[in-house]
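**Student:** The following comprises the amino acid sequence and a computationally predicted model.
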Amino acid sequence: AKELRELKGIESAIAAAEAKAERARAALEDPAVASDVEELVKRQQALDAARAAVDALYGRWQDLEARR
């Protein structure tokens with residue numbers, strides 16, 4: 001029952017995580033910070049974390065589907 005509820009909500013969680021990753025990518029590509037190495041590193045780390053979250057959600061989705 002818990003996994004079925006999780007499965008029903010995972011698509012929206014993935015969409016939200018993908019949107020966050022897209023915002024992080026856009027922030028990294030902002031020309032205003034192009035010469036600020038420290039800020040670029042911070043933004044790259046945020047993008048990496050956001051992409052990892054998306055990947056984890058897709059992995060969980062696959063697990064849930066396989067158990068269904």
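**Tutor:** Cool, the structure landed.

**Student:** From here on, just use CA atoms for contacts and neighbour counts.
**Tutor:** Fine.

**Student:** Dihedrals phi and psi, Ala34?
**Tutor:** Backbone geometry at Ala34, expressed as degrees, to the nearest 10, gives phi -60, psi -30.

**Student:** Does Ser25 touch Gln45 like I think?
**Tutor:** I think there's a mix-up here, since residue 25 is Arg and not Ser. No - between Arg25 and Gln45 there is no contact under Cα atoms under 8 Å: 10.4 Å.

**Student:** Which one's more surrounded, these two?
**Tutor:** Neighbours around Arg25 and Gln45, counted as other Cα atoms under 10 Å, are more numerous at Arg25. The numbers are 18 against 14.

**Student:** Skipping its backbone neighbours, what lies nearest the more buried one in space?
**Tutor:** Among residues not flanking Arg25 along the chain, Leu47 sits closest, at 5.9 Å (Cα to Cα, 6 or more residues apart in numbering).

**Student:** what about that neighbour, how many neighbours?
**Tutor:** Using other Cα under 10 Å, Leu47 has 21 other residues around it.

**Student:** Which helix or strand contains Asp48?
**Tutor:** Asp48 is part of helix 37-67, with elements assigned from DSSP states H and E.

**Student:** buried ones in that helix?
**Tutor:** Along helix 37-67, these residues count as buried under the neighbour rule (16 or more other Cα atoms under 10 Å): 40, 43-44, 46-47, 50-51, 53-54, 57-58, 61.

**Student:** which one among the residues you listed gets closest to Ala13?
**Tutor:** The closest of the buried residues of helix 37-67 to Ala13 turns out to be Leu57 (Cα to Cα; 7.6 Å).
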